[in-house]
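sequence unavailable; structure follows:
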């Protein structure tokens, strides 16, 4: 049953790759779009690299913000990936190459997150910016390569240890989004192969799970005590600045 739902969930992701509706897939996905995307549009510029890129869902949404969109993944899902390799050892990527970087929901899968942050620092130009998201609440996934969960303080320390100036750490979703994501995964995956039922479940999921759970997190836990995850913005100091 678990394997069947997992395969169906993969089909959902593929089917929605080019769709503007993808953000409503679950409260967790919606939270990422609501928090991370505005930060990306505010801070990213120039030549950018997407680290642990997956199927690059934000690429079309950043086309007007960056001049170059490169990517890296350990297990590429398409032929569009610029580099194939491990974020913890990006020897194939030149130092001080990029103005911007994103690394979304990747660091929990890296055995040495401090080393990975140092590698991100290395490939950025002085003054370059990284936007990095991590989970705080999450079920086990992509096993056995699921190693860590992060608090806001832990994420900040990882970045400071690498030499970054941390511009902000923002909470993303909460307990309702975490629980809603589990419901969305089950319901959408089960209904996806069935025409008609797929559309009905999608509509119910969008309004009664995705949007409702995200709203509830903002109302009942504004301080983020039960944050689903965090999005950090950090900058590599300009040359000559410690």
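On my side now, so go ahead. Model, not experiment: these values are computed from the prediction. Numbers count the residues shown, from 1 in each chain.

could you tell me the end-to-end distance of stretch 60-79?
Stretch 60-79 has an end-to-end distance of 16 Å (Cα to Cα, to the nearest Å).

list the buried residues of it.
Buried residues in stretch 60-79, counting neighbours by 16 or more other Cβ atoms under 10 Å, are found at 62, 65-66, 69-74, 76. The C-beta positions use only the backbone N, C-alpha and C, and glycine is treated the same way.

helix or strand with the lowest mean pLDDT in this structure?
Counting by mean pLDDT, DSSP states H and E, the chain has its least confident helix or strand at helix 2-15, which shows a mean of 74.

for the nearest residue to residue 193 once chain neighbours are set aside, which residues are in contact?
Once flanking residues are discounted, residue 193 sits nearest to residue 8: 6.4 Å by Cβ to Cβ, 6 or more residues apart in numbering. By Cβ atoms under 8 Å, 6 or more residues apart in numbering, the residues touching residue 8 are 189-190, 192-193.

mind doing that once more with 7 Å?
By Cβ atoms under 7 Å, 6 or more residues apart in numbering, the contact set of residue 8 is 189, 192-193.

can you flag the buried ones in those?
Buried among these (16+ other Cβ under 10 Å): 189, 192.

for residue 186, give its distance to residue 29.
As defined by Cβ to Cβ, to the nearest Å, residue 186 lies at a distance of 15 Å from residue 29.

what about these two, which has more around it?
residue 29 (21 against 12; other Cβ atoms under 10 Å).

now the more buried one: closest residue in space, sequence neighbours ignored.
residue 23 (6.1 Å).

and the one you found, what does it touch?
29-30, 33.

helices along this structure, start to end?
Secondary structure of the chain (DSSP state H): helices at 2-15, 27-43, 113-123, 152-162, 175-191, 197-205, 211-220.

let me know which of those is the nearest to residue 84.
Between residue 84 and the helices of the chain, the shortest separation by Cβ to Cβ is 15.1 Å, and it involves helix 113-123.

quick one: buried residues of the closest one?
Applying 16+ other Cβ under 10 Å to helix 113-123 flags 113, 116-123 as buried.

mind checking pLDDT for residue 76?
pLDDT recorded at residue 76 is 84.

try residue 241
The model's pLDDT for residue 241 equals 56.

can you list the low-confidence ranges for this protein?
1-6, 240-242 (pLDDT under 70).

I'd like to know how many residues surround residue 201.
19.

does it touch residue 193 like I think?
No. With contact defined as Cβ atoms under 7 Å, residue 201 does not reach residue 193; the gap is 11.2 Å.

center of this structure - which residue?
Geometric centre of the chain, nearest residue: residue 104, 2.8 Å, by Cα atoms, centre = their mean.
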